[in-house]
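>>> Next one to model:
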Amino acid sequence: MKPVRLGSNRPAERFYRGGARISAFRGEGTSATREPEDWIASATTVRGEPLLGLSRLRDGRLLRDAIAQDPVTWLGDEHVVRWGSDTRLLVKLLDAGQRLPVHAHPHDDFAATHLGAAHGKAEAWYILQGGTVHIGLREDVAATELLGLVARQDVPTLLGLLHEVDVAAGDVVWVPPGELHAIGAGVLLLELQQPEDLSILLEWEGFEIDGPALGHLGLGFETALAAVNRRARSSAGLSGLVAAAPAWGSVFPPVADEYFRLERIPVEGAAVVERGFSVVLVDDGEVSIEGESSSRGSTLLVPHAAGALDVTGEGELLVARPPTP
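Presented below is the predicted three-dimensional model:
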């Protein structure tokens, strides 16, 4: 098998604005005002939807179905022995056309116990165009206080509880399950996450979503907010969440490795992408991957059976992978 070039997979009418930066990055035409996410090589659906969010191959098959039919070819023996046909990975391009709401995602145990889900939602970001992000509490907050802020929709206080951090292209942000966060307007990023669409919303005014009905994942806010980390992070401790990526190699902190991996590969004449199921994003330059030209914004899905990939040219690749089996 060879790498599979993927076009955009942009679920429409998301609850927040964005999409123009993805179109510019990919060299595509203009997008609708609420297409802020490109779900790359997705075997995951938008919560509550039967098909929305799933990627299709060139022959029309859903990627999810193709992997289920031949998991070893796509994922490799070791992966299949441990996890079956579960890819353990969802990759997105995300364009924050407006600041996202303060929110968090549940961890595995909470998701399994309360939602019957196979995964929680850890995530991490590689910043492509910078701005401001809000992440981690500046001070401890009691459960009753947090519940009250949500009930009153006291957004200034909610947002003020979080560290505000400027990020630039090439920075990485690790978002553990339960960590409160909000992406600022104007940020374009590559996101790796566990393959679930699970968000606990603490604010919703100005967004196209029924927060009181949907923000708590059907659990009620008192239960849903139990998944949120209410302990403060010091400014020094914040360095474990936000940092500049190294120039090459693994870019996320080691604690993220149990969920997913992202490798940065500069290409200066020639390089190799090691064997394994992966999503490859060309984030700069012009390169040839196995003889096929790819420029900035190109995305390729690499089956395990494709083997190692020879790359030539001048540019840079970001290679997203599931955890090591």
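
>>> Please enumerate the strands of the stretch 101-250 of the chain.
Here the stretch 101-250 of the chain has its strands, by DSSP state E, counting those that start in this stretch, at 103-104, 123-129, 131-137, 162-167, 171-175, 181-183, 188-193, 200-201, 242-244, 249-250.

>>> Between these, which one is closest to residue 281.
Residue 281 lies closest, by CB to CB, to one member of those: strand 188-193, at 6.1 Å. Every residue, glycine included, has its C-beta placed from N, CA and C.

>>> Check the burial of residue 208 by counting its neighbours.
11 (other CB atoms under 10 Å).

>>> can you pull the contacts of the closest residue to it other than its chain neighbours?
Spatial nearest neighbour of residue 208, excluding adjacent residues (CB to CB, 6 or more residues apart in numbering): residue 15 at 4.6 Å. Taking CB atoms under 8 Å, 6 or more residues apart in numbering, we find residue 15 in contact with 34, 207, 208, 209.

>>> Among the residues you listed, the buried ones, what's the PyMOL command?
Per 16 or more other CB atoms under 10 Å, the buried members of those correspond to this PyMOL selection:
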select buried, resi 34+207
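
>>> ok, the contacts of residue 15 vs residue 270, which is closest?
Within those, the smallest distance to residue 270 is 41.2 Å, found for residue 34 (CB to CB).

>>> Tell me how far the closest one lies from residue 161.
As judged by CB to CB, to the nearest Å, residue 34 and residue 161 stand 27 Å apart.

>>> got it, and residue 267?
Distance, residue 267 to residue 161, by CB to CB: 42 Å.

>>> got it, and residue 189?
22 Å.

>>> So those two - more neighbours on which side?
Per other CB under 10 Å, whichever of residue 189 and residue 161 has more neighbours is residue 189, with 25 against 22.

>>> Report the beta-bridge partners for that one.
Beta bridges link residue 189 to residue 94, residue 127, judged by DSSP bridges.

>>> Wait, it touches residue 127, no?
Yes - with contacts counted by CB atoms under 8 Å, residue 189 reaches residue 127, the gap being 5.3 Å.

>>> residue contacts, the residue nearest in space to the middle of the chain?
The centre of the chain sits closest to residue 191, judged by CA atoms, centre = their mean, with a distance of 2.8 Å. Shown in contact with residue 191 (CB under 8 Å, 6+ apart): 91, 92, 93, 94, 123, 124, 125, 126.

>>> hang on, isn't the third one packed against residue 187?
It refers to residue 93. No - using CB under 8 Å as the test, residue 93 is too far from residue 187 to be in contact (11.4 Å).

>>> what's around residue 51, how many residues?
Number of residues near residue 51 (other CB under 10 Å) recorded here: 10.

>>> ok, it - contacts?
Applying CB under 8 Å, 6+ apart, one finds that residue 51 lies in contact with 45, 62.

>>> Equivalent analysis for the one 4 residues further on, please.
Taking CB under 8 Å, 6+ apart as the criterion, residue 55 is in contact with 6, 9, 39, 40, 41, 42, 43, 62, 63, 64, 301.

>>> In JSON lines: these, plus pLDDT and secondary structure.
Formatted as JSON lines, those follow (pLDDT from 0 to 100; DSSP: H, G, I helix; E, B strand; the rest coil):
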{"residue": "6", "pLDDT": "94", "secondary structure": "strand"}
{"residue": "9", "pLDDT": "97", "secondary structure": "coil"}
{"residue": "39", "pLDDT": "98", "secondary structure": "strand"}
{"residue": "40", "pLDDT": "98", "secondary structure": "strand"}
{"residue": "41", "pLDDT": "97", "secondary structure": "coil"}
{"residue": "42", "pLDDT": "98", "secondary structure": "coil"}
{"residue": "43", "pLDDT": "98", "secondary structure": "coil"}
{"residue": "62", "pLDDT": "98", "secondary structure": "strand"}
{"residue": "63", "pLDDT": "98", "secondary structure": "helix"}
{"residue": "64", "pLDDT": "98", "secondary structure": "helix"}
{"residue": "301", "pLDDT": "98", "secondary structure": "strand"}
